[in-house]
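> sequence unavailable; structure follows:
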Ligand SMILES: [Zn+2]
Ligand SMILES: [Zn+2]
Ligand SMILES: [Zn+2]
């Protein structure tokens, strides 16, 4: 158990320590508010990882590094721009949204 930074995946024993230490990704660490076990998905591309560190330190084909999805992991997933429903995050993030760009998950 512990608290994780959503930008770099580093683990801390308390939230105060996390939010008051500088993150190598820039600024201070930011608290990850999603689930803490099982698998993690990138909110930009839907790729699955077994740990937050691996997710935040790999390049995302959508640009930059992967960013953790912090919403419900049970599905279905909804686009926060148009409300369309998907059974998996990969499908959601790889389909065009009529609001512009690709769909983005509601968290
Ligand atoms: Zn960090
Ligand atoms: Zn990604
Ligand atoms: Zn959409």
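Now that the structure is in, tell me what you want to look at. All of these numbers come straight from a predicted model, not from anything done at the bench. Numbering: from 1, shown residues only. Ligands and ions are numbered 1, 2, ... in the order given.

> next to ligand 1, which bits of this structure? Give me the list.
Within the chain, the positions lying close to ligand 1 (CB under 5 Å from the ion) are 5, 7-8, 23, 29. No exception for glycine: its C-beta is placed from N, CA and C like everyone else's.

> residue boundaries of the strands in the protein?
3-4, 11-12, 40-41, 48-49, 77-78, 85-86 (DSSP state E).

> for the ones you listed, give me TSV that also has distance to ligand 3, mean pLDDT and mean neighbour count.
TSV is the format used below for these (distance: least, CB to the ion, whole Å; pLDDT from 0 to 100; neighbours: other CB atoms under 10 Å):
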stretch	distance to ligand 3	mean pLDDT	mean neighbour count
strand 3-4	28	94	22
strand 11-12	33	94	16
strand 40-41	17	94	26
strand 48-49	21	94	16
strand 77-78	9	96	22
strand 85-86	9	96	15
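
> now those as JSON lines including distance to ligand 2?
Shown next, in JSON lines, are the strands of the chain (distance: least, CB to the ion, whole Å):
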{"stretch": "strand 3-4", "distance to ligand 2": "17"}
{"stretch": "strand 11-12", "distance to ligand 2": "21"}
{"stretch": "strand 40-41", "distance to ligand 2": "8"}
{"stretch": "strand 48-49", "distance to ligand 2": "9"}
{"stretch": "strand 77-78", "distance to ligand 2": "15"}
{"stretch": "strand 85-86", "distance to ligand 2": "16"}
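
> how about TSV for the ones you listed, with distance to residue 93 added?
Shown next, in TSV, are those (distance: least, CB to CB, whole Å):
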stretch	distance to residue 93
strand 3-4	22
strand 11-12	27
strand 40-41	9
strand 48-49	12
strand 77-78	9
strand 85-86	9
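
> for residue 106, which non-adjacent residue is spatially closest?
residue 80 (4.0 Å; CB to CB, 6 or more residues apart in numbering).

> try residue 66
residue 42 (3.8 Å).

> do the same with residue 81
Nearest non-adjacent residue to residue 81 (CB to CB, 6+ apart): residue 99, at 4.2 Å.

> equivalent analysis for residue 78, please.
Leaving out its chain neighbours, the residue that sits closest to residue 78 by CB to CB, 6+ apart is residue 106, at 4.6 Å.
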